[in-house]
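In: need coordinates for the following:
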Amino acid sequence: MSQDYNNPAFKKLLQKLQEESWQLELLISGFAIFGLFTAFPQINITAKAAQNDEKLYFWIVLMVVLVSCAILIFNLMLHVVLRGLWIGALGLRYVSGDIDYEELNYSQKFTSYLRKKVGSFDKYIAKLENYCSIIFAISFMLIFYVLAFTFTIIVLVIIVKLFLENETKIISNDTLSHWIGVPLVVFIVLGMFMTFFDFLTLGWLKKKKWLSKIYFPVYWVFSKITLSFLYRPLVYNFLDNKFGRRISMALVPIYILILVGTSLSYKTSNYFNGDLSSNSIIASNSNYESMLGEDDFIEDVAIDSKVITNNHLKVFMVLYDDFDDYVFSFNKGLEPEKDIRGLDSDIIIMNTISWKKRDSLRKAYMKTLNEVFTVRIDSIDYNSEFIVSKSQKKQKGFETYVSLKNLEEGKHLLKVLRKRIRKKDTQRVRYATIPFWYFPN
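Out: Numbers count the residues shown, from 1 in each chain. This is a model prediction of the structure:
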């Protein structure tokens with residue numbers, strides 16, 4: 001079939017498919033919108049959880065998926081509305097035919113104006129058909145643009161990590177590593193701006209003879225990085241059509257307006273707006289498990305609720321990547337030869353650590369952790385034995401219980417303190433502060 005694209009029969013088949021494609025468009029749009037609306041809240045919750053747990057790579061992937069979903073939802077809903085209008089116009093044409101300006105019996109001035117501005121009803125239907133087809137096609141092309149931007153950033157990060165970051169670079173010689181890494185970073189950054197400029201100007205760099213020779217190597221490299229070879233025919237088919245170019249450029253300011261509109265919020269105070277972290281005068285919902293909504297997650301440390309009626313207090317700390325560093329700074333023997341934090345495969349080729357040794361290392365880890373972190377209520381330190389656990393939101397972390405038998409009724413301030421070594425001195429710094437009220441039953 002790939003060799004028959006010039007065959008008249010194949011072109012006739014394409015023409016027939018074009019005329020009937022609106023049915024497939026509506027079918028795909030309907031299923032896609034339903035699926036996207038169902039998946040979007042769950043993806044959003046997962047993205048918030050990944051951000052709160054500082055899972056950077058997972059959060060980036062989810063944000064790309066979220067942006068792609070948002071673009072598809074907006075474009076496909078716009079497509080369905082316009083396609084519905086098109087179907088309604090077809091039905092009206094069947095009943096009423098074309099616009100009869102004489103039947104309207106308007107004055108000559110208005111009749112001439114409407115003939116010029118409104119024109120034929122068939123022209124209106126044809127214009128709606130063009131809008132629908134282009135918006136449907138560009139919806140999926142925009143996803144490739146999002147992926148292209150993401151892949152470019154990923155390549156830039158990989159170059160920095162492999163050649164410029166001391167902890168992860170593959171070449172031990174600093175001079176050689178910089179001589180390779182810096183030019184690559186400069187090339188990617190300049191190439192990214194050149195490609196974006198060429199995209200905004202609809203191929204201006206390709207039109208200038210001497211600039212096109214300089215730009216061609218950049219274009220070739222970025223076509224591989226952005227996977228543009230997969231959707232390049234779609235792009236150039238848009239660019240060679242004036243109507244397609246107009247629609248493509250019109251959508252850009254619309255997206256910007258939507259982005260600005262969603263960022264607007266009403267400010268009620270000069271001092272207390274936005275997300276506020278808990279302290280002696282502020283209580284953030286993210287520090288009370290009973291106040292967490294469906295898409296809310298614990299931030300750093302949480303207790304059961306603002307008002308404690310039991311004679312004990314549960315304290316939960318979310319496990320972040322930094323916790324290993326906190327422990328290693330006070331127990332160098334726990335620091336492994338290979339740090340597996342971050343992205344890693346769950347496939348184990350050979351387990352080099354016995355279960356007995358692993359268990360002893362975990363106990364030593366928890367012993368050091370309990371020395372690093374201290375629970376304090378008001379000005380009194382409490383003995384705490386943190387153990388590994390999970391919160392009601394399935395966040396992995398550490399929890400302990402503190403006795404409140406000797407605590408007076410009223411407002412109190414819970415503090416979680418962390419030891420750190422700064423200039424060979426051991427200091428205690430505030431890790432979290434949470435206000436609560438104690439009124440026992």
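
In: where does the protein have its least confident helix or strand?
Out: Least confident helix or strand, the chain: helix 242-263 with a mean of 73, by mean pLDDT, DSSP states H and E.

In: what residues does whichever helix or strand comes after it touch?
Out: Following helix 242-263 in sequence order, the next helix or strand is strand 301-303 (DSSP states H and E). With contact meaning C-beta atoms under 8 Å, 6 or more residues apart in numbering, strand 301-303 is reached by 286-289, 292, 313-318, 391, 414, 416, 431-432, 434, 436. Any C-beta I mention is one placed from the backbone N, CA and C, and that applies to glycine too.

In: can you flag which of those residues belong to strands?
Out: In strands, defined here by DSSP state E, the members of the contacts of strand 301-303 are L313, K314, V315, F316, M317, V318, L414, V416, Y431, A432, I434, F436.

In: could you identify the most distant pair in the residues you listed?
Out: V318 and F436 (18.1 Å; C-beta to C-beta).

In: now do the strands in the chain.
Out: 301-303, 307-308, 312-318, 373-377, 380-382, 387-390, 396-403, 410-422, 425-438.

In: check the gap between I135 and G119 for me.
Out: Using C-beta to C-beta, to the nearest Å, I135 is found at 22 Å from G119.

In: just for the stretch 1-150 of the chain, where's the confidence low?
Out: 1-7, 10-20, 54 (pLDDT under 70).

In: what about the helices in it?
Out: All helices of the stretch 1-150 of the chain, identified by DSSP state H, counting those that start in this stretch, fall at 8-52, 56-96, 101-104, 108-117, 121-163.

In: still on that earlier bit, neighbour count winner among I135 and G119?
Out: Per other C-beta atoms under 10 Å, whichever of I135 and G119 has more neighbours is I135, with 22 against 13.

In: tally of neighbours for the spatially closest residue to the more buried one that is not a sequence neighbour?
Out: Distances taken as C-beta to C-beta, 6 or more residues apart in numbering place H79 nearest to I135, at 4.8 Å, with adjacent residues excluded. Using other C-beta under 10 Å, H79 is surrounded by 25 other residues.

In: wait, what's in contact with H79?
Out: Counting by C-beta under 8 Å, 6+ apart, H79 has contacts E25, S29, C132, I135, F136, S139.

In: same question, L417
Out: F373, T374, V375, R376, R428, V429, R430, Y431.

In: and for I71?
Out: If you count contacts by C-beta under 8 Å, 6+ apart, I71 has them with S139, L142, I143, V146, Y255.

In: out of those residues, which is nearest to P183?
Out: Relative to P183, the closest of the contacts of I71 is V146; by C-beta to C-beta it sits at 27.8 Å.

In: hmm, S68 and that closest one touching each other?
Out: Yes: judged on C-beta atoms under 8 Å, V146 makes contact with S68 at a distance of 5.5 Å.

In: so which of those two has more stuff around it?
Out: S68 (20 against 16).

In: can I get stretch 305-314 in CSV, CA atoms only?
Out: Taking Å, rounded to 0.1, in the frame of the first residue of the first chain, the C-alpha atoms of stretch 305-314 are listed here in CSV:
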residue,chain,number,x,y,z
SER,A,305,-5.6,16.8,64.5
LYS,A,306,-5.5,20.4,65.8
VAL,A,307,-7.4,19.4,69.0
ILE,A,308,-5.9,16.3,70.8
THR,A,309,-8.3,14.6,73.3
ASN,A,310,-6.3,11.4,73.9
ASN,A,311,-3.4,11.2,76.4
HIS,A,312,-0.9,10.5,73.6
LEU,A,313,0.1,12.3,70.4
LYS,A,314,1.0,10.6,67.1
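
In: would you mark the buried spots in it?
Out: For stretch 305-314, a neighbour-count test (16 or more other C-beta atoms under 10 Å) marks K306, I308, L313, K314 as buried.

In: show the pLDDT at the third one.
Out: According to the model's per-residue confidence, L313 sits at a pLDDT of 93.

In: close enough to count as contact, it and K306?
Out: No: at 11.9 Å, L313 does not count as touching K306 under the criterion of C-beta under 8 Å.

In: now do the shared contacts for the two.
Out: F436.

In: turn the helices of the stretch 1-150 of the chain into a markdown table, columns for distance to S277.
Out: Formatted as a markdown table, the helices of the stretch 1-150 of the chain follow (distance: least, C-beta to C-beta, whole Å):
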| stretch | distance to S277 |
| --- | --- |
| helix 8-52 | 13 |
| helix 56-96 | 20 |
| helix 101-104 | 66 |
| helix 108-117 | 58 |
| helix 121-163 | 29 |
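
In: between those helices, which one is closest to L259.
Out: Short answer: helix 56-96, nearest of the helices of the stretch 1-150 of the chain by C-beta to C-beta, at 9.7 Å.

In: so which of the contacts of I71 is the most crowded?
Out: Taking other C-beta under 10 Å as the neighbour criterion, S139 ranks highest of the contacts of I71 with 21 neighbours.

In: contacts only, for it.
Out: S139 neighbours (C-beta under 8 Å, 6+ apart): I71, L72, N75, L76, H79.

In: walk me through the domains of the protein.
Out: Taking automatic domain parsing as the reference, the chain has its domains at 13-263, 285-341+351-438.

In: mind putting the ones you listed into TSV with distance to D275?
Out: Formatted as TSV, the domains of the chain follow (distance: least, C-beta to C-beta, whole Å):
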stretch	distance to D275
domain 13-263	12
domain 285-341+351-438	8
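
In: go through those domains and name the closest to F272.
Out: Nearest to F272, of those and by C-beta to C-beta, is domain 285-341+351-438 at 14.0 Å.

In: spit out the contact partners of I188.
Out: So I188 contacts T152, V155, L156, I159 (C-beta under 8 Å, 6+ apart).

In: same check on W179?
Out: Contacts of W179 (C-beta under 8 Å, 6+ apart): none.

In: mind checking how far it is from R418?
Out: W179 is 41 Å from R418, by C-beta to C-beta.

In: please apply the same query to L56.
Out: Taken as C-beta to C-beta, the span from L56 to R418 is 22 Å.

In: those two: who's more crowded?
Out: Ranked by neighbour count (other C-beta under 10 Å), L56 and R418 place R418 first, with 17 against 13.

In: distance-wise, check that one relative to S389.
Out: Applying C-beta to C-beta, the value for R418 to S389 is 19 Å.

In: one step back: quick one, which of the helices of the stretch 1-150 of the chain is nearest to E385?
Out: Per C-beta to C-beta, nearest to E385 of the helices of the stretch 1-150 of the chain: helix 8-52, 25.1 Å.

In: tell me which residues touch the nearest residue to M192 once chain neighbours are set aside, please.
Out: Leaving out its chain neighbours, the residue that sits closest to M192 by C-beta to C-beta, 6+ apart is T152, at 5.5 Å. Neighbouring residues of T152 by C-beta under 8 Å, 6+ apart: I188, M192, F222, I225, T226.

In: chain neighbours aside, what residue packs nearest to the last one?
Out: So the one you mean is T226. Distance criterion C-beta to C-beta, 6+ apart; nearest residue to T226, sequence neighbours excluded, is A148 at 3.4 Å.
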